[in-house]
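> here's a sequence, model it:
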Amino acid sequence: MISSISSSIRGICYRVWSFYRDGFRRMRLGRKLWLLVAIKLFVLFVVIKWLFFPDVMQERFSNDTQRSDYILRQLTKEQP
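Residues are numbered from 1 along each chain as shown. Coordinates of the predicted model:
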């Protein structure tokens, strides 16, 4: 029973994998579009983070202990 379930899951996984593998192998325009998507994601997650979100904690504190103490104080500070 369990072996038949695991073999059917393996068969489904293989069919899904071969579907995507063959699809990516045959497409021409899609490769350029995927490259465009990858470049866009790189710009979004790396370049924009680097430009607009500097590491403020690194600038304010010199070591990890000071950073963690500051964060702990901010999290446990009583709100008015």
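
> low-confidence stretches in the chain?
For the chain, the stretches flagged by pLDDT under 70 are 1-5, 80.

> which residue ranges form the helices in it?
If you assign secondary structure with DSSP state H, the helices in the chain sit at 2-26, 29-42, 48-52, 56-60, 64-76.

> tabulate those helices (CSV), appending mean neighbour count.
All C-beta atoms are positioned from the backbone trio N, CA, C, and that covers glycine. Shown next, in CSV, are the helices of the chain (neighbours: other C-beta atoms under 10 Å):
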stretch, mean neighbour count
helix 2-26, 9
helix 29-42, 10
helix 48-52, 9
helix 56-60, 10
helix 64-76, 10
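
> give the contact list for Y14.
With contact set as C-beta atoms under 8 Å, 6 or more residues apart in numbering, Y14 has no partners.

> separation between the residue lying closest to F61 once chain neighbours are set aside and G11?
Spatial nearest neighbour of F61, excluding adjacent residues (C-beta to C-beta, 6 or more residues apart in numbering): R67 at 4.7 Å. Between R67 and G11 the distance, using C-beta to C-beta, to the nearest Å, works out to 51 Å.

> what's the answer for W34, then?
W34 sits 27 Å away from G11, taking C-beta to C-beta as the criterion.
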